[in-house]
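A.B. asks: Here's my sequence, what's the structure:
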Amino acid sequence: MNVSESALLAAIDSLPRMPRVVASGNFATPSILLSLVDKELEKYTLNMLNAQPGIPTREGVLHETSFVGPGMRDSDTLRYLPSRLSLLPQLFRSSLPPDAVVIHTSLPHHGTVSLGTEVNVLPAAIEEVRRRGGLVLAQMNSQMPYTFGDAVLPLDMIDHAIEVDVPLPSPGQLIVDDASRVIGQRIAQRIPDGAVLQTGIGAVPDATLAELTGHRGLSIWTEMFSDGVLALDRAGALDPTAPVTASFVFGSSELYSWIHRNERVRLLRTEKTNDPALIKLNNAMVSVNSALQVDLFAQANASRIGRRIYSGIGGQSDFVVGAMHAPGGQALVALRSWHPRADCSTIIPLVDEPVTSFQMTAVVTEQGIADVFGRDQRTQAHNLITHASHPRVREELWEEAAALHLA
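C.D. replies: Purely as a prediction, here's the structure:
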């Protein structure tokens, strides 16, 4: 490993024309190092997951992702590749070969660094770029927590590095509104003690976890987690003997301190956390995901608004399948019955966007719980209209259900 900045810049200059640069995403963006890369390269493809504002956006930078974040959502150069998150690492070995991987790590410790808060698809990208003879560049940060599992990386896997001392960014605090709180209460009532949880980020997941502090023996197997899991641990809701398993983390500085050298926390590569065959091994696995729309055939759109890609497939389909195959498992899709900004129903007759997941266990809104799995299609539609939809649109939905031969 070389920590000379001049050697680093020379190595960047040696990259092929229009290289593909894979960088840590979410809230682990290696901003200082990525800025150096951006200054040295005239044109390149930047591949990141859930990119946040502040990434390079100038002419000459092609944005590429399988999960769109706010940093790329309005990009004119966006190249979106639909993929389940569990399968994305395979693309690095086929259609998305990386020329350089830019990572954000802890400081060295006993010949290793840790990928800290963001493991995700990075191990696969690092392995492939090393196989191809490309570059692994690291921004080593004294404030990046040292996490275990697949986060641990030998120093000899890194070609060049810089050392920094900068705080990790955190997402803004979410406001849990009344509708989200009611949805969280409904979900919590369906979760037994001893369950294994997967939740995402947002007001509904936060509200759900807040309602679970009185539970006992819970475990975590999830794609990501935030401060709600820390609150569960402090409330005594988590099984102290079970590892907290995830692929990436973001939240408060308090959360980052909690995961630092915490041997109960295992951050694993996405191929493991999101593998339905591994998810289904968890007894009483409960997957909680959100959606933008659910139709009367129990198809969920969680990816697109109109013709515009908003996020992506992500891990929703992985966890819906895995949870429903688990003994006593449930896959719950939770959303408000009425979209406040768009001023429209989220329970609709038929989605006209690509479907993210379908045939979940139940759909939960502030109106109630619509059981889906194991019901015939007419009963599914009846439950969605009667128990999940907003009263303002129920008459219209019954008319549409009749036209779709669902009533």
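
A.B. asks: For the closest residue to residue 213 other than its chain neighbours, grab phi and psi.
C.D. replies: Excluding the flanking residues, the one nearest residue 213 by Cβ to Cβ, 6 or more residues apart in numbering is residue 235, at 3.8 Å. To be clear about C-beta, it is placed using only N, CA and C from the backbone, and glycine gets the same treatment. Main-chain dihedrals, residue 235, degrees, to the nearest 10: phi -80, psi 0.

A.B. asks: what about the residue lying closest to residue 52 once chain neighbours are set aside, how many neighbours?
C.D. replies: Leaving aside its sequence neighbours, residue 52 sits nearest to residue 71 (Cβ to Cβ, 6+ apart; 4.9 Å). For residue 71, the neighbour count with other Cβ atoms under 10 Å is 21.

A.B. asks: Counting by contacts, list what the biggest helix by length in the chain packs against.
C.D. replies: The longest helix of the chain (DSSP state H) is helix 178-190. Applying 3 or more Cβ pairs under 8 Å, 6 or more residues apart in numbering; DSSP states H and E, one finds that helix 178-190 makes contact with helix 203-210, strand 330-334, strand 362-365, strand 368-371.

A.B. asks: Any chance of CSV for those, columns distance to residue 4 and mean neighbour count?
C.D. replies: Output for the helices and strands packed on helix 178-190, formatted as CSV (distance: least, Cβ to Cβ, whole Å; neighbours: other Cβ atoms under 10 Å):
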stretch, distance to residue 4, mean neighbour count
helix 203-210, 44, 25
strand 330-334, 50, 26
strand 362-365, 55, 26
strand 368-371, 60, 20
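
A.B. asks: Can you tell me which of these has the worst average pLDDT?
C.D. replies: The minimum mean pLDDT among those belongs to helix 203-210 (a mean of 90).

A.B. asks: Please write out the alpha-carbon positions of it in PDB.
C.D. replies: Coordinates of each C-alpha in helix 203-210 appear next as PDB, following Å, rounded to 0.1, in the frame of the first residue of the first chain:
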ATOM      1  CA  ALA A 203     -40.800   6.900   8.900                       C
ATOM      2  CA  VAL A 204     -42.700   3.600   8.900                       C
ATOM      3  CA  PRO A 205     -39.700   1.400   9.700                       C
ATOM      4  CA  ASP A 206     -38.600   3.800  12.500                       C
ATOM      5  CA  ALA A 207     -42.200   3.800  13.900                       C
ATOM      6  CA  THR A 208     -42.200   0.000  13.700                       C
ATOM      7  CA  LEU A 209     -39.000  -0.400  15.600                       C
ATOM      8  CA  ALA A 210     -40.100   2.100  18.200                       C
END
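
A.B. asks: Quick one: mean pLDDT for the helix or strand that that helix is followed by?
C.D. replies: Going down the chain from helix 203-210, the next helix or strand is strand 219-221, by DSSP states H and E. Averaged over strand 219-221, pLDDT sits at 98.

A.B. asks: from the middle of its chain, how far away would strand 219-221 be?
C.D. replies: Relative to its parent chain, strand 219-221 has a centroid offset of 15 Å by Cα atoms, centre = their mean, to the nearest Å.

A.B. asks: That strand packs against which elements?
C.D. replies: So strand 219-221, by 3+ Cβ pairs under 8 Å, 6+ apart, packs with strand 196-199, strand 244-246.

A.B. asks: Give me the contacts around stretch 368-382.
C.D. replies: Residues from elsewhere that reach stretch 368-382 (Cβ atoms under 8 Å, 6 or more residues apart in numbering): 186, 190, 296-298, 324, 359-364, 383-384, 386-388, 401, 404, 406-407.

A.B. asks: Using ChimeraX, define a selection of the buried residues within those residues.
C.D. replies: In ChimeraX, this line selects whichever of the contacts of stretch 368-382 come out buried by 16 or more other Cβ atoms under 10 Å:
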select :186,296,297,298,324,359,360,361,362,363,364,383,384,387,388,401,404,406
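
A.B. asks: quick revisit: dump the helices and strands packed on strand 219-221 to a markdown table, plus mean neighbour count.
C.D. replies: Shown next, in a markdown table, are these (neighbours: other Cβ atoms under 10 Å):
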| stretch | mean neighbour count |
| --- | --- |
| strand 196-199 | 28 |
| strand 244-246 | 24 |
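
A.B. asks: how about those strands, which one is nearest residue 8?
C.D. replies: strand 244-246 (30.9 Å; Cβ to Cβ).

A.B. asks: after that closest one comes which helix or strand?
C.D. replies: Following strand 244-246 in sequence, per DSSP H and E, is strand 248-249.

A.B. asks: From the contact counts, what lies against that following strand?
C.D. replies: Partner elements for strand 248-249 (3+ Cβ pairs under 8 Å, 6+ apart): strand 224-225, helix 253-259.

A.B. asks: So which residues of the chain form helices?
C.D. replies: 5-13, 31-40, 88-92, 122-131, 178-190, 203-210, 227-234, 253-259, 270-273, 276-279, 316-325, 377-383, 394-403.

A.B. asks: now those helices in TSV, with distance to residue 103?
C.D. replies: Putting the helices of the chain into TSV (distance: least, Cβ to Cβ, whole Å) gives the following:
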stretch	distance to residue 103
helix 5-13	13
helix 31-40	9
helix 88-92	14
helix 122-131	6
helix 178-190	34
helix 203-210	27
helix 227-234	24
helix 253-259	17
helix 270-273	15
helix 276-279	24
helix 316-325	23
helix 377-383	45
helix 394-403	48
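
A.B. asks: Out of those, which gets nearest to residue 98?
C.D. replies: Among those, the nearest to residue 98 by Cβ to Cβ is helix 122-131 (4.5 Å).

A.B. asks: who wins for proximity to residue 107 among the helices and strands packed on strand 219-221?
C.D. replies: When these are compared (using Cβ to Cβ), the closest one is strand 244-246, at 22.2 Å.

A.B. asks: helices or strands up against the closest one?
C.D. replies: strand 219-221, strand 224-225, strand 265-267.

A.B. asks: Give the partner strands of that strand in its sheet and their orientations.
C.D. replies: Counting by DSSP bridges, the strands paired with strand 244-246 are strand 219-221 (parallel), strand 265-267 (parallel).

A.B. asks: hang on, the earlier thing: so which of the helices and strands packed on strand 219-221 comes closest to residue 129?
C.D. replies: Nearest to residue 129 among those is strand 244-246 (23.9 Å), distances taken as Cβ to Cβ.

A.B. asks: and that closest one, average pLDDT?
C.D. replies: 98.

A.B. asks: just stretch 107-123 next, same as before
C.D. replies: pLDDT averaged over stretch 107-123 gives 97.
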